[in-house]
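Q: Sharing a sequence plus its predicted fold:
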Amino acid sequence: MKSILLIGLGRFGCRMAKKFRELKHDVLAIDNDEQRVNEALDFVTSAQIADATSESFIRSLGVRDFDLCVVAIGDDFQSSLETTSLLKEHGARFVLSRASRGVQAKFLLRNGADDVIYPERQAADWAAMRYSSDHIFDYVKLSPEYSIYEIAIPGEWLGKTIMELAVRQRYNVNVLGIRRGAQGEELEPMPRPDHCFQKDERVLVLGNDRDMQRLLRQ
């Protein structure tokens, strides 16, 4: 269990707070909007109405006692920048700040953020990739060049085994799992080499994006 300070209870901040609690972490949420704070009380450990750009308030929190501090302010970059800087000045171990543009990320990193998250950009990238092909169901970027894709079984794979197709040698991708069911709810991780691909399945593959695009065009 981690102790998490989350500042900013907009849609993004609320979603993060709910997920942290689902993962059984302690969450102290801060926002200057009373309604947002009251609504968050159902899914955080505790919440306070406060201005996070106040140095005296940040000092009073004892931020060095938190494992993670998240600055999820999305509608006021100046406040996000000031809050990030204050958290680090007062000893925060790790500060994760939200940015919407690259220039914001640069300022946040220079002023104390240990890492930056781009929810809008990341969602846009995912959606563009997901809907660029009728055969992609999900997509996880691992590096600038490599990703995990959940795709429909390519036509030429149907009725054949992983070994018979020589997937890794021929396509330069690795098969990580097989999903079945209308929503892909059943997962078979690391299928055996003699697994025979069926029409109602999806396959999870890891590979270089260029190799994956070639595979999807077949």
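A: The structure has been received and is ready for your questions.
Q: so which helix or strand takes in the residue sitting furthest away from the middle of the chain?
A: The C-alpha centroid of the chain is most remote from residue 164, which lies 35.6 Å away (CA atoms, centre = their mean). Assigned by DSSP states H and E, residue 164 belongs to helix 162-165.
Q: CA atoms of that helix as PDB?
A: Only the C-alpha atoms of helix 162-165 are listed here, as PDB (Å, rounded to 0.1, in the frame of the first residue of the first chain):
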ATOM      1  CA  ILE A 162       2.200 -20.900 -34.200                       C
ATOM      2  CA  MET A 163       5.000 -23.500 -35.100                       C
ATOM      3  CA  GLU A 164       3.700 -24.200 -38.500                       C
ATOM      4  CA  LEU A 165       3.500 -20.400 -39.300                       C
END
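Q: State the distance from residue 169 to residue 162.
A: 11 Å (CB to CB, to the nearest Å). The C-beta positions use only the backbone N, C-alpha and C, and glycine is treated the same way.
Q: next one: residue 14
A: According to CB to CB, residue 14 and residue 162 sit 42 Å apart.
Q: Between residue 169 and residue 162, which is the more surrounded one?
A: Remark: of residue 169 and residue 162, residue 162 carries more neighbours, 19 against 7, as counted by other CB atoms under 10 Å.
Q: Which residues are in contact with that one?
A: By CB atoms under 8 Å, 6 or more residues apart in numbering, the residues touching residue 162 are 175, 191, 192, 193, 194, 195, 197.
Q: any idea how far the following helix or strand past the helix holding residue 164 is from the chain center?
A: Next helix or strand after helix 162-165 toward the C-terminus (DSSP H and E): helix 167-171. The chain centre lies 29 Å from the centre of helix 167-171; the measure is CA atoms, centre = their mean, to the nearest Å.
Q: ok, back up a step: and the contacts of residue 162 as a markdown table, adding secondary structure and distance to residue 181?
A: Output for the contacts of residue 162, formatted as a markdown table (DSSP: H, G, I helix; E, B strand; the rest coil; distance: CB to CB, whole Å):
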| residue | secondary structure | distance to residue 181 |
| --- | --- | --- |
| 175 | strand | 18 |
| 191 | coil | 15 |
| 192 | coil | 20 |
| 193 | coil | 23 |
| 194 | coil | 22 |
| 195 | coil | 16 |
| 197 | coil | 16 |
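Q: Pull out the buried members of those.
A: Among those, those scoring as buried are 175, 191, 195, 197 (criterion: 16 or more other CB atoms under 10 Å).
Q: lowest-pLDDT helix or strand in this protein?
A: Lowest by mean pLDDT, DSSP states H and E among the helices and strands of the chain is helix 119-130, with a mean of 82.
Q: counting contacts, what elements does it pack onto?
A: Judged by 3 or more CB pairs under 8 Å, 6 or more residues apart in numbering; DSSP states H and E, helix 119-130 is in contact with strand 136-141.
Q: Strand partners (parallel or antiparallel) of the strand it packs on?
A: strand 146-152 (antiparallel) (DSSP bridges).
Q: Please work out the average pLDDT along the strand it pairs with.
A: Strand 146-152 carries an average pLDDT of 93.
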